[in-house]
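S.K.: Whatever this is, show me its structure:
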Amino acid sequence: MRKIVIINRAPEWNMRMASEAFTAGFFARLGYKISKPHGIEDSHYNFKITLDENEINVAVKGSQDGLWRLTQDYVTRGKRDYIKAAERWFSRFGPHTIFSLVQFKDVEKLDAPRIYLATPKEIFERLKNSSSGKGGCNLYENKVWVKKASGYGTTDKVPENWMMTESRIKSLCKSASLLLEKQNA
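M.R.: Okay, here's the model as predicted:
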């Protein structure tokens, strides 16, 4: 007899919308003005936040399986050039972008997900050092590499200081604003 396995996952669109809504909601609660691009959707960010005239792009990535797939579209076909793929991905973003990494894995349906905030550069560094420095396409919330894996004996984990807090937001916005000012000078 055939065994049928049913995986209860929300459709991808619902998860994307929930990820964006949670992120925008937390920024709004802290007093940030939220603005969404109109017309053709910009693939580099989901919305902008503004406080004290500082405008920052926020790119939101949601997940329900413990990892965020970020650079697989940048891998050269037939090659395992993960670090070069991460470099190509990183080159898309300016200094005024931060990422919201939303994780629904092991979160009850009516509870808030775990949200991490990081700059593209911070994510790039994690991707480069993934799997014992061999690089990877995925950013893992907490991945222990097992035998037969290229990163055996190591763990890829999102740093705890990336957790979305008011101080993390202020720090990232201040850094992004300073970098943007330096770029425009």
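S.K.: Can you say which helix or strand has residue 59 in it?
M.R.: strand 54-63 (DSSP states H and E).
S.K.: Using neighbour counts, pick out the buried residues of the following helix or strand past that strand.
M.R.: Beyond strand 54-63 in the direction of the C-terminus, DSSP H and E gives the next helix or strand as strand 67-69. Using 16 or more other C-beta atoms under 10 Å as the test for burial, strand 67-69 gives 67-68. The way it works is simple: take the backbone N, C-alpha and C, and place the C-beta from them, glycine included.
S.K.: what does the strand holding residue 59 contact?
M.R.: Applying C-beta atoms under 8 Å, 6 or more residues apart in numbering, the external contacts of strand 54-63 come out as 15-16, 18-20, 23-24, 27, 44-50, 68, 70, 93-94, 96-105, 113, 141, 172-173, 176-177.
S.K.: partners of it, with directions?
M.R.: The strands that strand 54-63 pairs with in its sheet are strand 47-51 (antiparallel), strand 97-103 (parallel) (by DSSP bridges).
S.K.: Most tightly packed of those strands?
M.R.: strand 97-103 (a mean of 24; mean count of other C-beta atoms under 10 Å).
S.K.: contacts for it?
M.R.: Contact partners of strand 97-103, identified using C-beta under 8 Å, 6+ apart, comprise 18-19, 22-23, 44-45, 56-64, 66, 68, 113-120, 123, 139, 141, 158, 162, 164, 172-173, 176.
S.K.: and that strand, what's its mean pLDDT?
M.R.: For strand 97-103, mean pLDDT rounds to 96.
S.K.: Walking through the chain, point out its helices one by one.
M.R.: Secondary structure of the chain (DSSP state H): helices at 12-29, 82-90, 120-133, 166-184.
S.K.: how big is the angle separating the shortest one from helix 120-133?
M.R.: In other words, helix 82-90. Counting by axes from the mean of the first three to the mean of the last three C-alpha atoms, to 10 degrees, helix 82-90 lies at 170 degrees to helix 120-133.
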